[in-house]
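J.: can't give you the sequence, but here's the structure:
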């Protein structure tokens, strides 16, 4: 009987009879034989994963529902960078809960990504408008890491004289968020940057100072006048970075108008739930002169081959995949889904709506300030936006306030000096006002009247009031009704390819199923309505879930403990390397700085190593694509006195399980180093082998790859690190909350990273169970070898293992096609769009190739369609070689073909329209039309436009 109640039956694509058929086609009699031929025997697990049996979807739903009920959703006025907000239902339903938006990939292939590119451009425009700065990126991981990126950018853009004089001091105002300072400390130390934390009014400038970092409003809620400080900083050749509350800038004079060079912060208040700390999209804006130094991705306007307006990711040569150890940032992902939501929030509310929300927040704060002072408390903030801070009357104790507020299911902020703070948010209403006043009145043995309506609007001091307009473009002023808004979202959605359309075979990206059952809890208030700094007894469900998940991940990796803090894969890399650094320091071996990295490594590896203060030494691969063990041995011996680590991806980015991996790890350990394993390809390990058995000391896990968290069009990503027993004590801690670890300073703003998406991974593991996890890995390997079997003769597989097998992905050779026909891997990528497919990974890790990873979630039917597509494209290339098709006017060089191209009256191409648009019959059933023809990347970089203004303004 078919066990169709088992989650694995739904998650895994091929049916049992199809698996048997596929095994025969690839030349083996069983799955075990295929794994024997693929994975070296010396690293195979000797027994199955000791994990619970997989739950049915219904059983899991009940389990996660029970955990959710353990979380207590209070009205929280803690603030500190996290605020309750109202996610418009039209955005919740049509973006956050919509698989077209959450299963798409980072928009490298611009022609099939025009929808989310426009949504991200809206976000950038919104940020530029509010900050009054001309350039913004498409998001960063969180506010604290954005602060660190601002610090590093100021450091990297020092003047020639400052670099010559080794200026290394950044002045940091003492009133910034503690979690921001925590991350700054982590990031500054390995780069040799000195933080001087003091009152900004006492800043002293000298030739060693290169930058200033301040917060607006500051961490206790005060609005400060920084104009004189900025002038002084600029006179001393120092740049100024400002952490700003973006919503407050609807009312306050924006930093760009008083001279700030950089402005950053969080867009969480723009309709993105608190989610126990994340994920949230940080914003980052700067003056135009820093455009080539700005971290993260920038969406720019360009034109396509037909001269039409098109969008794309601009200035991609800045990325770590290209610059590697010369990169100034290791950012590999951002928070695209969350920045999309924040941008839509601004589109939905428009300038008047945003102003109204901000004004109401300030008015309620001002009203509460007045009323609480009448009871006998003293409000300490003279100028403020949303945060008020009270000193207590002599007879009132802070404990009285605390227990009274908790009794009424409210969380206030408590300062070390016995002051009590309140940060008002968008959700605060008249009923909340009365409850807050009752707490302060009862604590003081006083009575207060009950209010039935909002107070009249209060205004911020005119010295700080914003005079300039914002959000004046049509996109922010057109979509007021839900009908119009949902149609706009749908219009953009229809321009993008996602997993709802077809397989996305990106190698090293693992675009697998993000199951609906796993995704459901993201919308529950019990998970998304909790502030990260509430008492732990209000988040018992979260705490139980995270502890269980850490235990499961430890079993899966064969390592001792896990930190959930890193909120991207690259952040996990950095955290793991910093843990290794702390380990060496504890042994008085802080001089160990050399990091060996194979030439086949992922681009973030060398960038992360440099950020961690390491010296990168690249080791070569042999002609089979494997690590050259003898050269590695020589390098390890050469650097035995200062060897810190080896970074290795396994199976390799060449798609191969290298048989020498255990020997490689032993060489590093014998010479005093630690082994860092990049978990990008963990989808080929789970249940079959693990980093602990192989010999790794640290491994980061991409939960957005192996463990089913969606890519969201370029984020969120989650990158927890698992470590061996001797490294547990060095896992990152947090300055505000005890996250269970006591090691290095924080690597992200929130204690547990992007907590609200962790239920996805939790569900994936609990529903598959140990047997299901192994089965998923086996089928991932089978699917890859099945595709390789059918494509190897036409394209060629660049690298295979000792027994001729690929792992879970493969590299297709395309360089010979360019020699024979002039067709490049880029042409193939664009032609795939005409067939309704997103391209495989382009020219990585080997230039001129395509890297294909099908994942276990793709059915045999879909694999066969992809194989037919690739082989049909090969035939089209052969037509060019044989002179049947023109070398320049052909379906590949002109791809992709849009509807406008096909329906034109005067068709001038040397091939028929049907061949261009419908090369295979099944395409007619569900044709995806790219919105634009091939984009002009060079034009977009030469004429950088990163806001929503129409292209005519720039041509």
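T.: Perfect, thanks for sending it. Just so it is clear, the model here is predicted, and its values are computed rather than measured.
J.: Point me to the helix or strand that includes residue 422.
T.: Taking DSSP states H and E as the definition, one finds residue 422 inside strand 420-423.
J.: hmm, I was thinking of residue 617
T.: Per DSSP H and E, residue 617 falls inside strand 615-619.
J.: Figure out how far that strand is from the centre of its chain.
T.: Its chain's C-alpha centre and that of strand 615-619 lie 27 Å apart, by C-alpha atoms, centre = their mean, to the nearest Å.
J.: name the helices or strands packed onto that strand?
T.: Packed against strand 615-619 by the contact rule (3 or more C-beta pairs under 8 Å, 6 or more residues apart in numbering; DSSP states H and E) you find strand 594-598, helix 604-611, helix 629-638. (Each C-beta comes from the backbone N, C-alpha and C, glycine too.)
J.: Nearest to residue 139, out of these?
T.: Between residue 139 and the helices and strands packed on strand 615-619, the shortest gap by C-beta to C-beta is with helix 604-611, which sits at 17.3 Å.
J.: C-terminal to the strand holding residue 422, which secondary structure element comes first?
T.: helix 430-443.
J.: if we can go back for a sec, would you reformat the helices and strands packed on strand 615-619 as TSV and include mean pLDDT and distance to residue 88?
T.: Listed next are the helices and strands packed on strand 615-619 as TSV, based on pLDDT from 0 to 100; distance: least, C-beta to C-beta, whole Å:
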stretch	mean pLDDT	distance to residue 88
strand 594-598	96	45
helix 604-611	90	35
helix 629-638	97	54
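J.: And the strands in the stretch 451-600 of the chain, which stretches?
T.: For the stretch 451-600 of the chain, the strands defined by DSSP state E, counting those that start in this stretch occupy 561-563, 594-598.
J.: So which residues make contact with the longest one?
T.: Residues external to strand 594-598 that are found in contact with it (C-beta atoms under 8 Å, 6 or more residues apart in numbering): 577, 605-606, 609, 612, 614-621, 627, 632, 635-636, 639, 642-648, 652, 668, 673.
J.: ditto for the shortest one
T.: Identification of contacts with strand 561-563 by C-beta under 8 Å, 6+ apart yields 549-550, 553-554, 575, 720-723, 725, 728, 731-732, 739, 741.
J.: which secondary element of this protein has the worst mean pLDDT?
T.: Least confident helix or strand of the chain, by mean pLDDT, DSSP states H and E, is helix 320-323 with a mean of 54.
J.: separation between residue 745 and residue 358?
T.: 33 Å (C-beta to C-beta, to the nearest Å).
J.: for the contacts of strand 561-563, which one is nearest residue 89?
T.: Checking these one by one against residue 89 (C-beta to C-beta), the nearest turns out to be residue 549, at 29.7 Å.
J.: circling back to that earlier point, is it possible to export the strands of the stretch 451-600 of the chain to TSV including distance to residue 243?
T.: Listed next are those as TSV, based on distance: least, C-beta to C-beta, whole Å:
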stretch	distance to residue 243
strand 561-563	25
strand 594-598	31
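J.: Deepest-packed of those strands, please.
T.: Stretch with highest mean neighbour count among the strands of the stretch 451-600 of the chain: strand 594-598 (a mean of 26; mean count of other C-beta atoms under 10 Å).
J.: now that one: how far from the chain's centre is it?
T.: Taking mean C-alpha positions (C-alpha atoms, centre = their mean), strand 594-598 and its chain are 25 Å apart.
J.: Just want the angle from that strand to strand 615-619.
T.: Computed by axes from the mean of the first three to the mean of the last three C-alpha atoms, to 10 degrees, the angle separating strand 594-598 from strand 615-619 equals 30 degrees.
J.: Check the contact between residue 50 and residue 555; I expect there is one.
T.: Yes - applying C-beta atoms under 8 Å as the test, residue 50 and residue 555 come out as touching, 6.4 Å apart.
J.: ok so, going back, compare the helices and strands packed on strand 615-619 and give me the one nearest residue 500.
T.: Of all these, it is helix 604-611 that lies closest to residue 500, at 28.2 Å by C-beta to C-beta.
J.: what's that closest one packed up against?
T.: Applying 3+ C-beta pairs under 8 Å, 6+ apart, we find helix 604-611 packed against helix 320-323, helix 569-586, strand 594-598, strand 615-619, strand 643-649.
J.: and the angle for the second one with strand 594-598?
T.: With the same axes, to 10 degrees as the basis, helix 569-586 and strand 594-598 are set at 140 degrees to each other.
J.: And for the last one?
T.: Counting by the same axes, to 10 degrees, strand 643-649 lies at 20 degrees to strand 594-598.
J.: List the buried residues for the very next helix or strand once past strand 643-649?
T.: Following strand 643-649 in sequence order, the next helix or strand is helix 661-670 (DSSP H and E). Within helix 661-670, the residues that qualify as buried are 661, 664, 665, 667, 668, counting by 16 or more other C-beta atoms under 10 Å.
J.: Contacts made by the host helix or strand of residue 35 with the rest, please.
T.: Per DSSP H and E: residue 35 is located in helix 31-38. Helix 31-38 is contacted from outside by 19, 23, 26, 28, 44, 657, 688, 778, 781-782, 785, 801, 803-807, using C-beta under 8 Å, 6+ apart.
J.: Mind giving me the packing neighbours of the next helix or strand after it?
T.: Heading C-terminal from helix 31-38, the first helix or strand you meet, by DSSP H and E, is helix 57-70. When contacts are defined as 3+ C-beta pairs under 8 Å, 6+ apart, helix 57-70 sits against helix 7-11, helix 516-519, helix 525-528, helix 540-557, helix 758-791.
J.: The fourth one vs helix 758-791, what angle?
T.: With the same axes, to 10 degrees as the criterion, the two stretches helix 540-557 and helix 758-791 enclose an angle of 30 degrees.
J.: Mind listing what's buried along helix 540-557?
T.: 541-543, 545-546, 549-550, 552-557.
J.: That helix - contacts with which helices or strands?
T.: Against helix 540-557 (3+ C-beta pairs under 8 Å, 6+ apart) you get helix 57-70, helix 525-528, strand 561-563, strand 698-701, strand 721-723, helix 758-791.
J.: number of nearby residues for residue 408?
T.: Applying other C-beta atoms under 10 Å, we find 15 residues neighbouring residue 408.
J.: Begin at 299 from now on, thanks
T.: Okay, residue one is now 299; in that scheme the one you just asked about reads as residue 706.
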